[in-house]
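>>> Sequence and predicted structure below; questions after.
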Amino acid sequence: MAASIIIRVPAALARLSARWVALIAAVGAVLFVVLRLLAVGGGPGMFVLAGQPWTDPATVPGGIPVLAGTGFDGQFFYRLAVDPATVGMGRAHGIMFDYGVRGGRIGYPLLAWLLSFGGRPSLVPLAMIAVNVLAVGALAYAAALLALDHGRAAAWGLAIAGFWGFGIVLGRDLSELVAAAAVFGGVLLVGRARYAWAGVALVLAVLTREQAVLAVAALAIGVLLHQRRSATWRAALAPAALVAVPAAVAFLGWQFAVAHITGELPATSSSETNSTWPFRDVWPAFRRWLDDAGSGLASNHFVSIGASLALLCFVALVFLIVWAVTSDGRAVAWATRPWELLLGVGSLGVLVCSTDAVLTVPADFRQSYEIAGSAWLVLWGSSGRRAMWALAVVLPVTVLALGFRCLNL
């Protein structure tokens, strides 16, 4: 019965324009923020989730709360949003980096710096939230237009913008929403043959998260292969270069600029911590989630619900990948939009090469937005009701994950 209700998309949703989808997504993000503020107490500074020993409560500006634990990544983005020039490893504005990679992720904090009128500490926490809310709207708009380009209703864009991993991103001042908006904006522009503008969007993506370099490579190679089907290699190289070169120049330029200060390229500073041989740590992590989920259910401990949520999100992600790969949409994507398929392959490679340190704290697989988004793009090109059935499976997990992250610090 529930599946049949989900399968019958309401006519009102089917008639929504891309702008309405963007507005609905942004309003939903604002509602999430309000409910989370009510749940955790305090002001916008709580989203920074600053903690010792990285943040000094006596010297950090803006009056943000500093917890007794280690906190989360938002505190490093906060430091850069107050002053984007402080990319060195030493303590600045009361905050010290844990890894040099932090200085390379300048895109999101730079937007917050601009929105807070040059990094005013009293405005930065609210600006960081506002940037992510706007990113939700921008991502939903791009995804809605992508859905229309695939012959689907614009409302399907909410499937990409509503990825379950974005709850923890929005609630902890993280950067994946900005990166996702830039990446899928690039995918949209590539599909519409606006290669130069796609290159501009991807500049923001690689300056926000270094993993977006793989997305740039996937899109550029996809464009090259697609263009080569009807042109010479030389002619095919031009649009591929428009996609890749601006992002490559911006990424390498900023990496070397930061390395001049820190003595190490940010992108390689935590490579041993984040990546390993393919699949080496995936199975042990899965076993750990399974064991922790069982003990959590037995003890009824609220914190242990996170392990159950990790297991659910992992299963849903695997289902979405398998469901897309086994659909006829895969062949359609390869024939008409190979860059969308390659985007998923590249991001899947990042996931299976993740270390135990990354998989132990999956944070609802927030870094896997490209895999999930690529799977939806493939499913939108499939025949029958594959996309509808995928929604019937994914939607409950999404609701659980977003609800949990809305209420849990």
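Good, I have the coordinates. Numbering: from 1, shown residues only.

>>> if you skip the residues just before and after it, what's nearest to residue 195?
residue 242 (3.9 Å; C-beta to C-beta, 6 or more residues apart in numbering). C-beta here means a position set from N, CA and C on the backbone, and glycine is covered the same way.

>>> That neighbour and residue 166, how far apart?
29 Å (C-beta to C-beta, to the nearest Å).

>>> Among these two, which residue is more densely surrounded?
The neighbour comparison of residue 242 against residue 166 (other C-beta atoms under 10 Å) goes to residue 166, with 28 against 19.

>>> Name the nearest residue to that one, sequence neighbours excluded.
Closest to residue 166 by C-beta to C-beta, 6+ apart is residue 177, at 5.9 Å.

>>> isn't the one you found right next to residue 134, touching?
No. Here residue 177 does not reach residue 134: they are 9.0 Å apart, not a contact under C-beta atoms under 8 Å.

>>> Which of those two has more residues huddled nearby?
Between residue 177 and residue 134, counting by other C-beta under 10 Å, residue 177 is the more crowded of the two (27 against 18).

>>> Give the next helix or strand downstream of the helix or strand where that one lies.
Secondary structure assignment for residue 177, by DSSP states H and E: helix 176-191. Next helix or strand after helix 176-191 toward the C-terminus (DSSP H and E): helix 195-208.

>>> So which bits of the next helix or strand after that next one are buried?
Going down the chain from helix 195-208, the next helix or strand is helix 212-228, by DSSP H and E. Buried residues in helix 212-228, defined by neighbour count with 16 or more other C-beta atoms under 10 Å: 212-224, 226-227.

>>> Distance of the residue nearest to residue 195 relative to residue 227?
Applying C-beta to C-beta, the value for residue 242 to residue 227 is 11 Å.

>>> Show the average pLDDT along stretch 160-167.
Mean pLDDT, stretch 160-167: 96.

>>> quick one: that stretch to chain centroid distance?
Offset of stretch 160-167 from its chain centre (C-alpha atoms, centre = their mean, to the nearest Å): 8 Å.

>>> what's it in contact with?
Contact with stretch 160-167 is made by 21, 25, 28, 32, 136, 139-140, 143, 146, 176-177, 180, 184, 313, 316, 363-369, 372-373, 376, 394, 397-398, 400-402, 404-406, as judged by C-beta atoms under 8 Å, 6 or more residues apart in numbering.

>>> How about stretch 341-360?
By C-beta under 8 Å, 6+ apart, stretch 341-360 touches 183, 187, 211, 214-215, 217-219, 221-222, 273-279, 281-282, 284-285, 288, 321, 324, 330, 333-334, 365, 367-368, 370-371, 373-375, 377-378.

>>> quick one: terminal-to-terminal distance for it?
With C-alpha to C-alpha, to the nearest Å applied, stretch 341-360 spans 28 Å between its terminal residues.

>>> Run the chain-centre distance for the strand or helix carrying residue 346.
Assigned by DSSP H and E, residue 346 belongs to helix 338-352. The chain centroid and the centroid of helix 338-352 are separated by 14 Å, computed with C-alpha atoms, centre = their mean.

>>> contacting residues around residue 56?
Neighbouring residues of residue 56 by C-beta under 8 Å, 6+ apart: 66, 91, 94-95.

>>> Next step: those restricted to strands.
Applying DSSP state E to these, the entries found in strands are residue 66.

>>> what stretches of the chain score poorly on pLDDT?
Counting by pLDDT under 70, the chain contains low-confidence ranges at 1-12, 271-272, 292-307, 409.

>>> which stretches of it form strands?
Using DSSP E, strands in the chain cover 50-51, 66-67.

>>> Nearest to residue 14, out of those strands?
strand 50-51 (44.1 Å; C-beta to C-beta).

>>> And the contacts of that closest one?
Taking C-beta under 8 Å, 6+ apart as the rule, strand 50-51 contacts 60, 64-72, 74-75, 78, 95.

>>> go on, stretch 68-80?
With C-beta under 8 Å, 6+ apart, stretch 68-80 has contacts from 47-55, 62, 64, 86-87, 92-95, 97-98, 102-103, 105-106, 108-110, 112-113, 124-125, 128, 172-175.

>>> Buried ones among those?
By 16+ other C-beta under 10 Å, those give 47-51, 54-55, 62, 64, 86-87, 92-95, 97-98, 102-103, 105-106, 108-110, 112-113, 124-125, 128, 172-175 as buried.

>>> list the helices and strands the lengthiest helix in the chain packs on?
Determined from DSSP state H, the single longest helix within the chain is helix 233-262. Applying 3 or more C-beta pairs under 8 Å, 6 or more residues apart in numbering; DSSP states H and E, one finds that helix 233-262 makes contact with helix 195-208, helix 212-228.

>>> possible to save those helices as a markdown table with distance to residue 265?
Listed next are the helices and strands packed on helix 233-262 as a markdown table, based on distance: least, C-beta to C-beta, whole Å:
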| stretch | distance to residue 265 |
| --- | --- |
| helix 195-208 | 13 |
| helix 212-228 | 12 |
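
>>> Compare these and report which one is nearest to residue 339.
Here helix 212-228 is closest among these (C-beta to C-beta), at 2.5 Å.

>>> how many neighbours does the residue lying closest to residue 218 once chain neighbours are set aside have?
Using C-beta to C-beta, 6+ apart and skipping the chain neighbours, the partner closest in space to residue 218 is residue 342 (3.9 Å). Applying other C-beta under 10 Å, we find 23 residues neighbouring residue 342.
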